[in-house]
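1. Sequence first, then the predicted structure:
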Amino acid sequence: MTSAAAGFVERLDAVTERLHVLASRENPAGALTEPDPPTGERWEAGQVWAHMAEFVPYWTAEMAQVVDRGMTAPDPFGRTKADPTRIAAIERDRHQDRGALWRRLAGDIARLRGSLLGLDAEAWTARGQHSTFGTMELPGIVDEFLVGHLEQHAVQLEALVR
C-alpha cells in the first residue's frame, strides 16, 4: 500500500464510522445545513444523504478514468454542481429511507476503499483536467471529490443533530 493510499484509507475509515453513527440519528424537522459558501444553498439531511449516495460511485468511476487515461496528459473528467443528473438523483432520493441510503453508501465506500488500496505509486501521479478546478493530480481529486467531500458532509450532518 502506498503512503498516499494509507492516508486516504485512514481518513475514509474514520469518516465511515462517523457516518455510520449519523445514519441512526434523527435530525430535527426543518433543520438545514449552513449555507454553501459559493452558492448560499442550504440542504436538509435527506438531501445530504442522497448526495453522498450519488457522488461516491460517480467520483470513484471518474477517479478510475483519470488513472486509466491521465498518466501522460491531464484527462478531462468530472462535472459541476449544475449537472442535471446529479440534481435529479438528489431530488429523487432525498426522501428515501436513511438506512437504505446508508447501506448503499457503505457498499460504495467499501468499493472506493478497495480501489484506493489497489492503486500503485505510479497511479497517484495521474492527472485530470476539471472544468472548474483545472489540472489536478490524483491525490487532489481523491481529497476534493471523495474523501474530503465525505468529511465535509459528515460535518454538516453532525451540526444538524446538535
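-> On my side now, so go ahead. Numbering: from 1, shown residues only.
2. what's the weakest-modelled helix or strand in this structure?
-> Least confident helix or strand of the chain, by mean pLDDT, DSSP states H and E, is strand 75-76 with a mean of 94.
3. Tell me the helix or strand right after that strand.
-> Using DSSP states H and E, the helix or strand that follows strand 75-76 towards the C-terminus is helix 84-93.
4. roughly how far out does that following helix sit from the chain middle?
-> 15 Å (C-alpha atoms, centre = their mean, to the nearest Å).
5. now do stretch 22-35
-> Worked out by C-alpha atoms, centre = their mean, stretch 22-35 lies 18 Å from the chain centre.
6. how about low-confidence regions in this protein?
-> The chain contains no residues with pLDDT under 70.
7. quick one: contacts for the residue nearest the centre of the chain?
-> With distances taken as C-alpha atoms, centre = their mean, residue 146 lies nearest the centre of the chain, 3.5 Å away. Residue 146 makes contact with 8, 12, 56, 59, 60, 63, 112, according to C-beta atoms under 8 Å, 6 or more residues apart in numbering. Glycine gets a C-beta too; all of them are placed from N, C-alpha and C.
8. Reduced to three states, what does it come out as?
-> Three-state call for residue 146 (DSSP: H, G, I helix; E, B strand; the rest coil): helix.
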